[in-house]
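Student: sharing a model prediction with you, sequence too.
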Amino acid sequence: MPDQPITPAAIEAAYALTRPHVRETPILEAAAADFGLAGQPITFKLEFLQVSGTFKARGAFNNLLTRGEAGQGVVAASGGNHGVAVAYAAQHLGRKARIFVPSISSQAKIDKIKACGAEIVVGGANYAEALAASEEWIAQSGDMPVHAYDMPETIIGQGTVALELARQAPEVDSMLVSVGGGGLVGGVAAWYRGGAKVIGVEPERAPTLRRALDAGQPVDVDVSGLAADSLGARRLGSNVFPIVRDYLADALLVSDEEIAAAQRTLWDVLRIVAEPGGAAAFAALLSGRYLPAKGERVAVILCGANTTAVHFDEPAA
């Protein structure tokens, strides 16, 4: 069991603590027909507008504001987004950060980590190998670890997304949430606790949540594919598992092709640029993997936009 209970009360406290440092991201309602779908309007939570480009800033600030000493360095392993968030939070709170990322991390995310002034170590083929390298460093340095998804403070911080969404769109019946290691879906499910349906969505080539639920416990899985740099955790978090076991309505898988189609559609219809991991939740709705009931109000959390998918023309010399 986690040292700090992951409860709605803890999420409310984290929201009050982190509010001066993060943005209240807006929602956008769009007609289902705009996407060739039937049913009620779709509520998009535009969390990609968060500082650092993803929801992960919420968990990063909650960690740094509640743990460690003012001068203590912080260390994180990340496919990229968590690293950007920790580097950003450390910069704004005057703490040094060292970020370990695997070789599959996108250049856009590596560049953002560097821009935040953090020291970056690139190595290992995947997140698990970057995490192992970070743990070796922590053992010799005494720096404070900030886990990407399997720390109560991280999960509680990510749960503030759901608190905001519940206030902004109380009519929502269900929400689709992209899943990697489970920090976001765990935080969202911990806030709603069955009061609204929470559906996790992950790539077919990184089925961490689905395999854990099928096995009755977190298990290692092979991960690859289009969204591996953000949704490529090898194992669901142990602190996440009891939350999703008790409160998650379903766990769905989408293909890389469906994720790419969701990215293109978000751009074509809404002019939203989402990275693959950020678009995975919408892919479940667009592809028909999730079929809302008649009258059901669905929300989709668009959780990240750290990508180089759009290239802007340079002005003529």
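Tutor: Done, it's in.
Student: show me where the stretch 1-150 of the chain dips below the pLDDT cut-off.
Tutor: For the stretch 1-150 of the chain, the stretches with pLDDT under 70 are 1-3.
Student: residue 153 touches residue 58, doesn't it?
Tutor: No: the criterion here is Cβ atoms under 8 Å, and residue 153 misses it with residue 58 at 10.4 Å. In short, each C-beta sits where N, CA and C put it, glycine included.
Student: the more surrounded of these two?
Tutor: Neighbour totals were compared for residue 153 and residue 58, and residue 58 leads with 36 against 24 (other Cβ atoms under 10 Å).
Student: how many other residues sit next to the nearest residue to that one once chain neighbours are set aside?
Tutor: Closest residue to residue 58 apart from its sequence neighbours, by Cβ to Cβ, 6 or more residues apart in numbering: residue 157 at 4.3 Å. For residue 157, the neighbour count with other Cβ under 10 Å is 33.
Student: just residue 7 next, same as before
Tutor: Residue 7 has 14 nearby residues by other Cβ under 10 Å.
Student: which residues does it contact?
Tutor: By Cβ atoms under 8 Å, 6 or more residues apart in numbering, residue 7 lies in contact with residue 190.
Student: again, only this time at 10 Å
Tutor: Residues in contact with residue 7 (Cβ atoms under 10 Å, 6 or more residues apart in numbering) are 13, 156, 159, 190-191, 193.
Student: and the helix or strand hosting the residue nearest to residue 58, what does it pack onto?
Tutor: If you go by DSSP states H and E, residue 157 is part of helix 152-158. Secondary-structure packing of helix 152-158 (3 or more Cβ pairs under 10 Å, 6 or more residues apart in numbering; DSSP states H and E): helix 8-18, helix 56-66, helix 81-93, helix 183-192.
Student: helix or strand next in line after the third one, which one?
Tutor: I take that to be helix 81-93. For helix 81-93, the following helix or strand on the C-terminal side (DSSP H and E) is strand 97-101.
Student: what angle do that following strand and helix 81-93 make?
Tutor: Following axes from the mean of the first three to the mean of the last three Cα atoms, to 10 degrees, one obtains 170 degrees for the angle between strand 97-101 and helix 81-93.
Student: tell me the centre residue of this protein?
Tutor: In the chain, the centroid-proximal residue (Cα atoms, centre = their mean) is residue 184; its distance is 5.1 Å.
Student: correct me, but it touches residue 156?
Tutor: No: Residue 184 is not in contact with residue 156 according to Cβ atoms under 10 Å; the separation is 11.7 Å.
Student: give me the common contacts of those two.
Tutor: Shared contacts of residue 184 and residue 156, defined by Cβ under 10 Å, 6+ apart, comprise 58-59.
Student: can you give me the strands for the stretch 101-250 of the chain?
Tutor: Applying DSSP state E, counting those that start in this stretch to the stretch 101-250 of the chain gives strands spanning 119-122, 144-145, 174-178, 197-203, 250-254.
Student: out of those strands, flag the one nearest residue 235.
Tutor: strand 197-203 (12.7 Å; Cβ to Cβ).
Student: note down every partner strand of the closest one and its orientation.
Tutor: If you go by DSSP bridges, strand 197-203 pairs up with strand 174-178 (parallel), strand 250-254 (parallel).
Student: how about the contacts of residue 7, which pair is most distant?
Tutor: 13 and 193, at 16.4 Å, using Cβ to Cβ across those.
Student: give me the distance between residue 71 and residue 143.
Tutor: Noted for residue 71: a distance of 11 Å to residue 143, by Cβ to Cβ, to the nearest Å.
Student: got it, and residue 75?
Tutor: From residue 75 across to residue 143, the span is 5 Å (Cβ to Cβ).
Student: the two - which one has more neighbours?
Tutor: Shown here are residue 75 and residue 143; by other Cβ under 10 Å, residue 75 has more neighbours (26 against 20).
Student: from the middle of its chain, how far away would stretch 281-289 be?
Tutor: In terms of Cα atoms, centre = their mean, to the nearest Å, the centre of stretch 281-289 is set 17 Å apart from its chain centre.
Student: quick one: mean pLDDT over that stretch.
Tutor: Mean per-residue pLDDT for stretch 281-289: 98.
Student: circling back to that earlier point, now for the closest residue to the residue nearest to the centre of the chain other than its chain neighbours: which residues touch it?
Tutor: Counting by Cβ to Cβ, 6+ apart, residue 184 lies nearest to residue 158, which is 4.7 Å off, once chain neighbours are set aside. Residue 158 sits next to 11, 14, 47, 55-60, 62, 149, 177, 182-188, 190-191, 303 when contact means Cβ under 10 Å, 6+ apart.
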